[in-house]
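Chemist: sequence? don't have it. structure:
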């Protein structure tokens, strides 16, 4: 196994019943329903917890008198020393697009390729690996709706280097499966090849203790994901 890849062993058990599994998977959700469950906006396939800034108190702000005199209007409040939590690189939930070309290896190998989300995934992988070995709710897009397809855990992560043959083969596979039917500009091809990607493999978590995420509302689903993933300790 290469230095840029890690495997996670996952203990599995059976669901409470096939009927419970079928019931949870039959619920179709809209984009706004996902937000109501998690209070986390959908951003591509990987949706991360938002950063939570701690604002400096107004009384702690010190503005130079000479600097303030250069403005004719009242200065807007601009907090300084913003301390972002580590939650913004932690995965809250995942959505799989309806087009096969978007993630061509999901159905056969349970692999997702991340480009826009790669930086956050790789940063977490290189620091404390909080995204690994924790249950993540996954949704499949079906006719502009989303269907919960269960809890999944990251089995392995591989960092795919820019301009590598593996990256070229994956992009070529996406193109053949119709991911770029409308064509792409040269700069977009260049951008795809010149950045590192994360190749993320998943395994389904079959744990009788996990709740049906579609039952949550008012952001409690996001809190539940933090709790079962021990992310509240971050």
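Modeler: Sure thing, it's come through. Keep in mind that what you see is a predicted model, and the values were worked out from it rather than measured.
Chemist: quick one: mean pLDDT for the helix or strand harbouring residue 146?
Modeler: Residue 146 is part of strand 145-160 when elements are defined by DSSP states H and E. Mean pLDDT, computed over strand 145-160, is 95.
Chemist: now do stretch 123-134
Modeler: On average, stretch 123-134 scores 89.
Chemist: ditto for stretch 176-192
Modeler: In this model, stretch 176-192 has an average pLDDT of 74.
Chemist: for that stretch, how far is the first residue from the last?
Modeler: Terminal residues of stretch 176-192 lie 16 Å apart, using C-alpha to C-alpha, to the nearest Å.
Chemist: mind listing what's buried along the helix or strand that comes right after the strand holding residue 146?
Modeler: Sequence-wise, the next helix or strand downstream of strand 145-160 (DSSP H and E) is helix 165-176. Within helix 165-176, the residues scored as buried using 16 or more other C-beta atoms under 10 Å are 167, 170-171, 174-175. For glycine as for every other residue, the C-beta is placed from the backbone atoms N, C-alpha and C.
Chemist: quick one: the next helix or strand after helix 165-176 to helix 165-176, angle?
Modeler: For helix 165-176, the following helix or strand on the C-terminal side (DSSP H and E) is helix 186-193. Here helix 186-193 runs at an angle of 130 degrees relative to helix 165-176 (axes from the mean of the first three to the mean of the last three C-alpha atoms, to 10 degrees).
Chemist: ok, and the helix or strand in this protein with the lowest average confidence?
Modeler: The helix or strand of the chain with the poorest confidence is helix 65-68; it has a mean of 38 (mean pLDDT, DSSP states H and E).
Chemist: ok, residue 108 - how many residues close by?
Modeler: If you count neighbours by other C-beta atoms under 10 Å, residue 108 ends up with 7.
Chemist: ok, it to residue 200 distance?
Modeler: The gap separating residue 108 from residue 200 is 15 Å, by C-beta to C-beta, to the nearest Å.
Chemist: just checking, residue 147 touches residue 33?
Modeler: No. Applying C-beta atoms under 8 Å as the test, residue 147 and residue 33 come out as separate, 11.2 Å apart.
Chemist: so how many other residues sit close to residue 223?
Modeler: Residues near residue 223, counting by other C-beta under 10 Å, number 15.
Chemist: rewinding a little: between the buried residues of helix 165-176, which sits nearest residue 89?
Modeler: Using C-beta to C-beta, residue 167 is the member of the buried residues of helix 165-176 that lies nearest residue 89, at 21.8 Å.
Chemist: contacting residues around the closest one?
Modeler: 160-161, 193, 197 (C-beta atoms under 8 Å, 6 or more residues apart in numbering).
Chemist: got a quick PyMOL command for the buried subset of the residues you listed?
Modeler: PyMOL command restricting those to the buried ones, with burial defined by 16+ other C-beta under 10 Å:
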select buried, resi 160+197
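Chemist: now render the contacts of residue 167 as CSV, adding distance to residue 137.
Modeler: Listed next are the contacts of residue 167 as CSV, based on distance: C-beta to C-beta, whole Å:
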residue, distance to residue 137
160, 25
161, 30
193, 32
197, 23
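Chemist: which stretches in this protein count as strands?
Modeler: Taking DSSP state E, the strands of the chain run over residues 5-7, 28-29, 46-48, 91-96, 111-114, 136-142, 145-160, 197-205.
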